[in-house]
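Asker: Sequence unavailable; structure follows:
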């Protein structure tokens, strides 16, 4: 059963030269309980396309194909999320980025805990539970 919605910054932590051991441990522990919002999948694919060609790009592409895709289902930005999102953005929203608010909408409407490196960026979203797995 999916309980956690992972922001792109959590998934991409594994690709860092020195990944945060707390994140790596939690990712292992939550197998089968985590998913990606479609917005984060987009961000990861775009990141892989933007890194310099060669070995680094191949590493990112292989990570997405061989690790992320088979282990993390993608939760779509659907009608319910779009409705939640529109209501949120209909008020004062200069503090809300489009991608972050879409991720928040997916987490909120599916009752999932959003895991991100930047919990403060999501602190004002109503009805959203946020966790930070990074240790430092």
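Answerer: Everything's here; your move. Keep in mind the model is a prediction, meaning the values are calculated, not measured. Residues are numbered from 1 along each chain as shown.
Asker: dump the residue contacts of residue 48.
Answerer: 57, 60, 61, 63, 64 (CB atoms under 8 Å, 6 or more residues apart in numbering). Yep, even glycine has a C-beta here, placed from its N, CA and C like the rest.
Asker: Can you name the helix or strand that the third one falls in?
Answerer: Right, residue 61. According to DSSP states H and E, residue 61 maps onto helix 55-63.
Asker: Name the surrounding residues that touch that helix.
Answerer: 14, 15, 47, 48, 49, 51.
Asker: can you do 10 Å?
Answerer: 11, 12, 14, 15, 44, 45, 47, 48, 49, 50, 51, 69 (CB atoms under 10 Å, 6 or more residues apart in numbering).
Asker: between the residues you listed, which is nearest residue 114?
Answerer: Closest approach to residue 114 among the contacts of helix 55-63 (CB to CB): residue 11, at 12.8 Å.
Asker: circling back to that earlier point, selecting buried members of the contacts of helix 55-63 in ChimeraX, what would you type?
Answerer: To isolate the buried members of the contacts of helix 55-63 in ChimeraX, using 16 or more other CB atoms under 10 Å:
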select :11,12,15,44,48
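Asker: so what's the most centrally placed residue in the chain closest to, chain neighbours aside?
Answerer: Geometric centre of the chain, nearest residue: residue 7, 1.6 Å, by CA atoms, centre = their mean. Of all residues not flanking residue 7 in the chain, residue 116 sits nearest, at 3.8 Å (CB to CB, 6 or more residues apart in numbering).
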